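Participant: okay, sequence plus prediction incoming.
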Amino acid sequence: MTDTSFRANLRRALSGAILAGLGFGLLLTPQSADAIMSTAFLQSRGAAPAPSGARALCQQYDWACATSQAPVQRVADEFRLIKAVNSQVNRAVRSIDDKRQYGVAENWALPTKRGGDCEDFALLKKYELIRRGIDPQRLLIATALDRKRNPHAVLIYRSDQGDYVLDNLTSQVKTWKSTRYFFLRMQDPAKPSRWMNVFRGA
């Protein structure tokens with residue numbers, strides 16, 4: 001599902017909602033629906049180059065840049081599956097940086113028996129969720145600065161309600177705003193082989 005279809009669906013839902021407890025039927029306007037939607041989803045700020053370690057990602061793992069070629073059957077209780085995979089991968093994989101494992105600063109790859117770093121966790125989560133039936137265009141790797149403003153990578157799950165973060169630093173699946181990270185770049189949901197700037201913090 002593309003950003004455009006997400007935008008249309010969310011606008012229709014929010015525009016028809018009634019604000020509870022006001023005692024009168026005040027409907028959200030399209031403008032207010034857009035404002036809420038813009039905080040729920042990471043928005044494109046223009047095209048961006050792929051992170052240095054991800055420049056050969058699509059050749060190395062074609063599924064990492066896959067798009068849906070046909071309508072995808074939605075997985076029942078999708079969010080429960082997202083949380084389960086996030087927790088399982090976090091428990092199963094040891095944390096080891098690329099310098100220790102490969103002798104280079106950045107090498108995006110699935111974790112080895114020794115483990116992996118943040119982007120390796122994100123890749124494995126994306127692989128497992130695609131394998132279990134989640135639409136690959138809902139699973140987008142993003143780079144960010146964490147709360148200590150260290151470079152970090154996570155997997156974004158683009159739900160109908162907003163963008164959620166699967167993070168190797170916690171087994172809680174949070175909205176992007178709740179992480180208090182500053183997001184830099186993300187795979188383009190329309191074409192995950194491309195990257196886009198997001199430049200967004202809570």
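Facilitator: Arrived safely.
Participant: what sits against the residue most central in space within the chain?
Facilitator: Residue closest to the average C-alpha location in the chain (Cα atoms, centre = their mean): residue 156, at 1.1 Å. Contacts for residue 156 (Cβ atoms under 8 Å, 6 or more residues apart in numbering) come out as 42, 139, 140, 141, 142, 163, 164, 165, 166, 176, 186. Every residue, glycine included, has its C-beta placed from N, CA and C.
Participant: repeat that for residue 57.
Facilitator: 50, 64, 65, 108.
Participant: if we use 6 Å, what do you get?
Facilitator: 64, 108 (Cβ atoms under 6 Å, 6 or more residues apart in numbering).
Participant: quick one, phi psi at it?
Facilitator: Main-chain torsions, residue 57, degrees, to the nearest 10: phi -60, psi -40.
Participant: now it: how far from residue 172?
Facilitator: According to Cβ to Cβ, to the nearest Å, residue 57 and residue 172 sit 27 Å apart.
Participant: so residue 165 is in contact with residue 152, correct?
Facilitator: No - the pair residue 165 / residue 152 is not scored as a contact, 10.2 Å apart, by Cβ atoms under 6 Å.
Participant: direction included, what does the longest strand along the chain pair against?
Facilitator: The residue-count maximum for a strand in the chain (DSSP state E) belongs to strand 191-201. Strand 191-201 pairs in its sheet with strand 47-48 (antiparallel), strand 182-188 (antiparallel), by DSSP bridges.
Participant: who touches the longest one?
Facilitator: Right, strand 182-188. 42, 48, 140-145, 194-198, 200-201.
Participant: emit the ChimeraX select command for whichever of the residues you listed are buried.
Facilitator: Remark: buried members of the contacts of strand 182-188, expressed as a ChimeraX selection using 16 or more other Cβ atoms under 10 Å:
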select :42,48,140,141,142,143,144,195,196,197,198,200
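Participant: out of the contacts of strand 182-188, which comes closest to residue 88?
Facilitator: Lowest distance from residue 88 to these (Cβ to Cβ) belongs to residue 141, with 18.2 Å.
Participant: and that closest one, what element?
Facilitator: Using DSSP states H and E, the element containing residue 141 is strand 139-145.
Participant: residue 86 against residue 166, yeah?
Facilitator: Yes - proximity of residue 86 to residue 166 meets the contact threshold set by Cβ under 6 Å, at 4.3 Å.
Participant: look up how far residue 39 lies from residue 91.
Facilitator: 31 Å.
Participant: who has more neighbours out of these two?
Facilitator: Using other Cβ atoms under 10 Å, the more surrounded residue of residue 91 and residue 39 is residue 39, with 14 against 8.
Participant: am I right that that one falls within a helix?
Facilitator: Yes - according to DSSP: H, G, I helix; E, B strand; the rest coil, residue 39 belongs to a helix.
Participant: tell me the contacts of it?
Facilitator: Applying Cβ under 6 Å, 6+ apart, we find residue 39 in contact with no residue.
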